[in-house]
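K.L.:
fold the following and give me the result.
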Amino acid sequence: MASSKLSSDHAGTNQGHPSASRSDPDPRHVRTAEVRIDAAAPTGDLTPIWASMGYDEINYTYRPDGKRLLRSIGEFSPQAFHVRPHYMFCSGSGWGQPHWGNGNVYHEDADGNPFYDFTLLDETYDAIVGAGHHVLVELGFTPKDLVPEKANQVFPVISSPTVYSAYEQGLWSFPPKDYGKWAGLCAATAAHVLERYGAEEVSTWVWELWNEPDIFYWRGTPQQYYDLYTVTVEAIRGVLPEARVGGPSVTGGDSGVPFLRGFLEHCSRTDTALDYVSFHTKGSWFTPWRTYGPIGAPAPVQESPSAVKMLFEVDRLLAVMGEFPEYAGLPVLVDECDAGVPAHHSAYDNPNFRFQNTEYYPVFQAKLMKKLLDLSAAHPGHIEQATTWSFYFEGERYFEGTRSWTTQGGIEKPFMNAYRLFAKLGDRRLSAESDQAFPIDDLSGREYGMPEEVDALASIADDGTVTALVWRHGDDQYAADTEPTAAVLAFANLAAASYSAVEYRIDADHSNAHTVWEALGSPQDPDAATLAKIHAGQGLETVGESHTVDTVDGALRYATALPLPSVSLVVLEPR
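P.N.:
Residues are numbered from 1 along each chain as shown. Got it, this is the predicted structure:
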């Protein structure tokens with residue numbers, strides 16, 4: 001597949017890939033589309049790469065709304081999610097703020113002897129495990145008592161109530177001054193969770209050192225990180241010999257490529273255990289992040305997330321793995337895989353973040369998951385997780401526009417319904433070919449991102465239920481079209497003579513609490529009756545009612561009309 005060659009040719013450069021997609025002044029709309037689905041041609045297991053989430057605000061995990069959200073996801077998802085919070089080893093009081101938190105585990109007595117307090121970490125992991133999920137343990141960052149003395153010379157901080165202290169500002173990002181004490185912290189944590197949660201549960205956990213060490217999260221040298229990785233693996237494996245350990249969770253930017261290559265060279269040279277490789281990708285970096293304009297002002301430049309940018313970044317990092325035969329086939333965790341960055345910036349910071357409120361985002365997410373599965377199949381490396389860096393935020397306004405599953409009042413955003421659709425897919429993937437799909441064999445820079453397409457991801461379950469996730473989407477949240485696309489799902493080789501058919505839909509008018517909220521005047525202090533109406537629009541909705549359809553010689557043509565943007569899940573259950 002040409003995408004692999006593209007990565008090799010462009011390794012170490014992101015030239016030609018804008019930080020976001022510009023709005024296309026003359027978009028091409030898809031008027032008709034046909035998707036051919038062969039129900040007798042499974043292509044293998046359908047990996048639920050979407051069953052993973054993470055967030056910065058570790059202390060929100062055990063807040064009432066955090067626990068409620070984790071339980072809600074656990075109730076609809078057949079797969080337990082892996083949950084990856086930041087800042088577990090940072091020092092602090094347990095008070096969380098956007099893009100900051102702390103587990104406050106490590107301490108030293110007056111003589112410099114370490115001791116540990118797992119109070120906050122217990123509350124965090126109890127909430128995750130109690131909701132039926134598993135932990136992706138991100139071992140980071142440096143506790144205050146392990147910050148090297150030289151770090152204090154780097155961050156002079158002006159005393160002000162609006163400014164963090166030097167520690168919160170960045171001292172936590174320096175390599176720990178004593179790798180032996182760091183190893184003791186990691187080993188003590190492993191022993192503690194083993195005792196608290198048991199070997200069966202902890203065997204499902206994933207252990208990862210740090211986050212994005214190729215940028216400001218790590219203020220040491222690459223070799224210092226590589227050496228700390230070896231120390232960390234030995235500490236964890238000393239307690240949990242079968243623990244899944246890996247890294248290095250680099251960014252998808254240009255700095256991630258050489259850092260990942262150096263990391264793999266180190267692991268190979270030192271024979272350090274490596275069970276998976278992790279890295280990240282983001283679909284947009286809006287410029288500026290914050291406009292400081294009047295409330296309600298339009299975006300200075302209309303921009304949108306670029307799926308092409310994300311796929312390019314993943315592709316070239318998979319290609320780096322391919323340079324090392326011993327690591328080329330390892331599982332891959334894209335354990336931050338998001339349309340925009342940062343999560344806590346909102347439509348009030350830059351109006352382009354509005355997409356995180358609307359139907360645009362869940363449709364983008366459906367498209368992205370399918371393309372990542374295609375990309376995974378084109379490389380020896382197997383993408384196992386594509387983590388959404390989304391949770392919720394305390395104290396925000398209704399539909400603030402942050403990257404989150406829910407907004408104020410516990411209202412579920414349309415984004416959450418994408419994951420409800422994923423949860424209904426079967427265990428095995430079926431061949432699905434659309435005549436209006438964008439191919440991923442050319443991931444060169446595109447100013448307008450991925451053009452409008454109709455594509456699909458199909459599956460079959462053990463009971464013969466066939467599902468087809470089909471969408472209409474382009475990388476332009478400002479594109480509009482009053483005419484829907486006439487799409488046909490042409491099923492072949494269906495086993496049953498008749499099926500019960502139902503179509504779930506996310507668009508502006510279906511499964512969309514945001515649209516309901518806007519129609520009610522965008523209230524920021526809704527009364528109980530108004531709030532109930534908004535909540536009523538938050539779950540999955542169908543287009544029409546369930547009905548019976550018959551096959552002819554195993555064939556069935558299912559027609560639907562797709563607005564821009566929209567995603568449908570067509571479910572055929574044998575009668």
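K.L.:
and Val488, how far is that from Gly539?
P.N.:
Remark: distance between Val488 and Gly539 (CB to CB, to the nearest Å) = 28 Å. Quick note: C-beta positions are derived from backbone N, CA and C, even for glycine.
K.L.:
quick one, which of the two is more surrounded?
P.N.:
Higher neighbour count among Val488 and Gly539: Val488, with 17 against 13, using other CB atoms under 10 Å.
K.L.:
so what's the backbone phi/psi at Pro134?
P.N.:
Not Pro; residue 134 is His. Main-chain dihedrals, His134, degrees, to the nearest 10: phi -120, psi 160.
K.L.:
so for the closest residue to it other than its chain neighbours, what's the pLDDT?
P.N.:
Spatial nearest neighbour of His134, chain neighbours left out: Thr204 (4.4 Å); criterion: CB to CB, 6 or more residues apart in numbering. pLDDT for Thr204: 98.
K.L.:
burial check on Thr204, number of neighbours?
P.N.:
So Thr204, with other CB under 10 Å, has 14 neighbours.
K.L.:
quick one: residues contacting the residue of the chain most remote from its centre.
P.N.:
The centre of the chain is farthest from one residue, Asp111, which by CA atoms, centre = their mean lies 43.0 Å away. Contacts for Asp111 (CB atoms under 8 Å, 6 or more residues apart in numbering) come out as none.
K.L.:
okay, it and Gly180: tell me how far apart.
P.N.:
In terms of CB to CB, Asp111 sits 16 Å off from Gly180.
K.L.:
list the contacts of the residue nearest to Ile215 when sequence neighbours are not counted.
P.N.:
For Ile215, ignoring the flanking residues on the chain, the nearest one in space by CB to CB, 6+ apart is Thr251 at 5.8 Å. By CB under 8 Å, 6+ apart, Thr251 lies in contact with 212, 214-215, 279-280, 282.
K.L.:
ok, 10 Å please
P.N.:
211-215, 217, 257, 259-260, 279-282, 313, 317, 336, 341 (CB atoms under 10 Å, 6 or more residues apart in numbering).
K.L.:
which ones among the residues you listed map onto helices?
P.N.:
257, 259-260, 313, 317 (DSSP state H).
K.L.:
give me the low-pLDDT residue ranges for the chain?
P.N.:
Across the chain, residues meeting the criterion (pLDDT under 70) sit at 1-16.
K.L.:
now the contacts of Thr251: which count as buried?
P.N.:
211-214, 217, 257, 259-260, 279-282, 313, 317, 336, 341 (16 or more other CB atoms under 10 Å).
K.L.:
pretty sure the residue nearest to His134 contacts Gly132?
P.N.:
No - using CB atoms under 10 Å, Thr204 is not in contact with Gly132, being 11.1 Å away.
K.L.:
any common contacting residues for these two?
P.N.:
The contact lists of Thr204 and Gly132 share Ala80, where a contact means CB under 10 Å, 6+ apart.
K.L.:
quick check, Ala487 in a strand?
P.N.:
Yes - counting by DSSP: H, G, I helix; E, B strand; the rest coil, Ala487 falls inside a strand.
K.L.:
before we move on, what SS does the closest residue in space to it that isn't next to it in sequence have?
P.N.:
Residue nearest to Ala487 in three dimensions, not counting chain neighbours: Ala33, with 4.6 Å by CB to CB, 6+ apart. Using three-state DSSP, the structure places Ala33 in strand.
K.L.:
from Arg557, how far off is Ala33?
P.N.:
Taken as CB to CB, the span from Ala33 to Arg557 is 13 Å.
K.L.:
quick one: which of those two has more around it?
P.N.:
Ala33 (21 against 13).
K.L.:
does the more buried one really touch His473, like I thought?
P.N.:
No - counting by CB under 10 Å, Ala33 does not reach His473; the two are 11.9 Å apart.
K.L.:
what touches both of these two?
P.N.:
Common neighbours of Ala33 and His473 (CB under 10 Å, 6+ apart) are 453-455, 562.
K.L.:
out of these, who's nearest His86?
P.N.:
Asp455 (33.2 Å; CB to CB).
K.L.:
wait, what's in contact with the closest residue in space to the closest one that isn't next to it in sequence?
P.N.:
Nearest residue to Asp455, sequence neighbours excluded (CB to CB, 6+ apart): Ala437, at 3.9 Å. When contacts are counted by CB under 10 Å, 6+ apart, Ala437 touches 30, 33, 35, 367, 370-371, 374, 453-456.
K.L.:
and the helices in the protein?
P.N.:
2-10, 64-76, 119-130, 166-169, 179-197, 199-202, 222-239, 256-270, 307-322, 360-377, 414-423, 513-519, 528-536.
K.L.:
what's the angle between the longest one and helix 119-130?
P.N.:
Going back to what we said before, that points to helix 179-197. With axes from the mean of the first three to the mean of the last three CA atoms, to 10 degrees defining the directions, helix 179-197 sits at 50 degrees from helix 119-130.
K.L.:
returning to what we had before: mind checking which of the helices of the chain is nearest Lys144?
P.N.:
Judged by CB to CB, the one of the helices of the chain that comes nearest to Lys144 is helix 166-169, at 5.4 Å.
K.L.:
just checking, what packs against the closest one?
P.N.:
Helices and strands touching helix 166-169, by 3 or more CB pairs under 10 Å, 6 or more residues apart in numbering; DSSP states H and E: there are none.
K.L.:
buried ones in that helix?
P.N.:
For helix 166-169, by 16+ other CB under 10 Å, it's 166-168.
K.L.:
residues contacting that helix, please?
P.N.:
Against helix 166-169 from outside (CB under 10 Å, 6+ apart): 87, 90-92, 97, 100, 102, 142-144, 147, 151-157, 163, 172.
K.L.:
can you tell me which of these are buried?
P.N.:
Buried among the contacts of helix 166-169 (16+ other CB under 10 Å): 87, 90-92, 97, 100, 102, 142-144, 147, 151, 155, 172.
K.L.:
distance of the closest residue to Ile383 other than its chain neighbours from Ala555?
P.N.:
Closest residue to Ile383 apart from its sequence neighbours, by CB to CB, 6+ apart: Ser376 at 3.9 Å. Remark: distance between Ser376 and Ala555 (CB to CB) = 30 Å.
K.L.:
which one's more surrounded, those two?
P.N.:
Ser376 (20 against 12).
K.L.:
got the CA coordinates for stretch 560-575 in PDB?
P.N.:
Taking C-alpha atoms only, stretch 560-575 is exported to PDB below (Å, rounded to 0.1, in the frame of the first residue of the first chain):
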ATOM      1  CA  THR A 560     -31.100   5.800   3.100                       C
ATOM      2  CA  ALA A 561     -30.600   9.600   2.800                       C
ATOM      3  CA  LEU A 562     -27.600  11.100   4.500                       C
ATOM      4  CA  PRO A 563     -27.400  14.800   5.400                       C
ATOM      5  CA  LEU A 564     -24.100  16.600   5.700                       C
ATOM      6  CA  PRO A 565     -22.700  15.500   8.100                       C
ATOM      7  CA  SER A 566     -24.300  12.400   9.400                       C
ATOM      8  CA  VAL A 567     -23.700   8.800  10.400                       C
ATOM      9  CA  SER A 568     -26.100   5.900  10.500                       C
ATOM     10  CA  LEU A 569     -25.900   2.400  11.800                       C
ATOM     11  CA  VAL A 570     -28.000   0.000   9.900                       C
ATOM     12  CA  VAL A 571     -28.700  -3.200  11.900                       C
ATOM     13  CA  LEU A 572     -30.100  -6.300  10.100                       C
ATOM     14  CA  GLU A 573     -31.200  -8.900  12.600                       C
ATOM     15  CA  PRO A 574     -32.200 -12.300  11.100                       C
ATOM     16  CA  ARG A 575     -35.800 -13.200  11.800                       C
END
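K.L.:
in that stretch, what counts as buried?
P.N.:
In stretch 560-575, counting by 16+ other CB under 10 Å, buried: 560, 562-573.
K.L.:
noted, bye for now.
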